[in-house]
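>>> quick check, what structure comes out for this input:
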Amino acid sequence: QVQLVESGGGLVQPGGSLRLSCAASGIIFRIVAMGWYRQAPGKERELVATITSGGSTVYADSVKGRLTISRDNAKNTVYLQMNSLKPEDTAVYYCNAHYITTAKDYWGQGTQVTVSS
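Numbers count the residues shown, from 1 in each chain. Predicted coordinates for the structure are as follows:
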């Protein structure tokens, strides 16, 4: 059974930092592309960042230079380091695992990030 468990969300002031973690089980972690998506109230879910099995990354323009995705294949975990946070970063953040060969996707339950003074 595939499980993606996010952690690290919370309330932070503008300009602050958070690090999200997503621990994966039930998948062949080293071969899947991993990603972070977010959904703000009243908006569609959007891509934040992805990282391939080889470590190549893609970022949404709105987060470039502030958020960094990384992965630790030994721990089956993907991270999202979030710096210089803005109120518009407020959303539920979802972890995604994507098998490129089969186009199969798996999702975590989400973790809330709120940026507010």
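>>> check which helix or strand covers His98.
strand 91-99 (DSSP states H and E).
>>> after that strand, next one along is what?
Following strand 91-99 in sequence, per DSSP H and E, is strand 104-107.
>>> what's in contact with that next one?
Here strand 104-107 makes contact (CB atoms under 8 Å, 6 or more residues apart in numbering) with 2, 4, 27, 94-99. Every residue, glycine included, has its C-beta placed from N, CA and C.
>>> going by distance to Asn83, which of the residues you listed wins?
Closest to Asn83 out of the contacts of strand 104-107 is Cys95 (19.0 Å), distances taken as CB to CB.
>>> what about the residue lying closest to that closest one once chain neighbours are set aside, neighbour count?
Nearest non-adjacent residue to Cys95, counting by CB to CB, 6 or more residues apart in numbering: Cys22, 3.4 Å away. For Cys22, the count of nearby residues is 25 (other CB atoms under 10 Å).
>>> my read: Cys22 touches Val5, true?
Yes. Counting by CB atoms under 8 Å, Cys22 does reach Val5; the two are 6.9 Å apart.
>>> name the residues contacting each of the two.
When contacts are counted by CB under 8 Å, 6+ apart, Cys22 and Val5 are jointly contacted by Gly108.
>>> name the element the residue nearest to Cys95 belongs to?
Counting by DSSP H and E, the element that carries Cys22 is strand 18-25.
>>> show me what counts as buried in that strand.
Residues 18, 20-24 are the ones in strand 18-25 that count as buried (16 or more other CB atoms under 10 Å).
>>> what's the pLDDT at the residue lying closest to Ser17 once chain neighbours are set aside?
Nearest residue to Ser17, sequence neighbours excluded (CB to CB, 6+ apart): Asn83, at 4.8 Å. At Asn83, the pLDDT value in this model is 98.
>>> quick check: Asn83 touching Val12?
No. Between Asn83 and Val12 there is no contact, the gap being 10.5 Å when judged by CB under 8 Å.
>>> more neighbours: which of those two?
More crowded of Asn83 and Val12, by other CB under 10 Å: Val12, with 18 against 14.
>>> so that one sits against Ser117, correct?
No. Using CB under 8 Å, Val12 makes no contact with Ser117, being 9.8 Å away.
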